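*Asks:* next input, structure requested:
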Amino acid sequence: MNAPFQQRRETAHRVVEIKPRPTHDARLLTGGGTEATIVLDGTVYVLHITRQGKLILTK
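*Replies:* Sure thing, here's the model as predicted:
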C-alpha cells in the first residue's frame with residue numbers, strides 16, 4: 001500500500017495542515033476471508049465482504 005501524502009490547504013485567514021487518514025486493506029483485515037470482528041469502545045461489529053466486493057458493517 002502506498003502511504004497517503006499530507007496535504008496543506010490555505011484558507012483566507014490561515015494555513016491548515018490536513019493529516020493523512022489511516023488506510024487499511026479490507027482483505028487483510030479479514031485474513032483473506034470474508035469477515036472480520038472490529039471492536040470500538042467495547043462494542044463489537046462485524047465487517048463483511050459480499051460476493052459483489054462490497055463492504056457491510058453490522059453491530
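
*Asks:* what about stretch 17-33, how long is it end to end?
*Replies:* Distance between the two ends of stretch 17-33: 37 Å, counting by C-alpha to C-alpha, to the nearest Å.

*Asks:* please state the offset of that stretch from the chain centre?
*Replies:* Centroid separation for stretch 17-33 versus its chain: 5 Å, with C-alpha atoms, centre = their mean, to the nearest Å.

*Asks:* in it, what counts as buried?
*Replies:* Thr30 (16 or more other C-beta atoms under 10 Å). C-betas here are computed from N, CA, C, even on glycine.

*Asks:* ranges for the helices of the chain?
*Replies:* For the chain, the helices defined by DSSP state H occupy 26-29.

*Asks:* what residue ranges in it score low on pLDDT?
*Replies:* 1-11 (pLDDT under 70).

*Asks:* try 90
*Replies:* 1-19 (pLDDT under 90).

*Asks:* show me where it has strands.
*Replies:* 7-10, 15-18, 35-40, 43-49, 55-58 (DSSP state E).

*Asks:* ranking those by burial, who's on top?
*Replies:* strand 43-49 (a mean of 13; mean count of other C-beta atoms under 10 Å).

*Asks:* name the surrounding residues that touch that one.
*Replies:* 26-27, 29-30, 34-39, 55-59 (C-beta atoms under 8 Å, 6 or more residues apart in numbering).

*Asks:* next, the angle strand 35-40 makes with it.
*Replies:* Between the axes of strand 43-49 and strand 35-40, defined by axes from the mean of the first three to the mean of the last three C-alpha atoms, to 10 degrees, the angle is 150 degrees.

*Asks:* chain center to strand 43-49, what's the gap?
*Replies:* 13 Å.

*Asks:* pull that strand out as PDB, backbone CA atoms only.
*Replies:* What follows is strand 43-49, C-alpha atoms only, in PDB (Å, rounded to 0.1, in the frame of the first residue of the first chain):
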ATOM      1  CA  THR A  43     -19.000  -2.600  21.100                       C
ATOM      2  CA  VAL A  44     -18.400  -5.500  18.700                       C
ATOM      3  CA  TYR A  45     -19.000  -5.000  15.000                       C
ATOM      4  CA  VAL A  46     -18.700  -7.400  12.000                       C
ATOM      5  CA  LEU A  47     -17.200  -6.300   8.700                       C
ATOM      6  CA  HIS A  48     -18.400  -8.500   5.900                       C
ATOM      7  CA  ILE A  49     -17.200  -8.500   2.300                       C
END
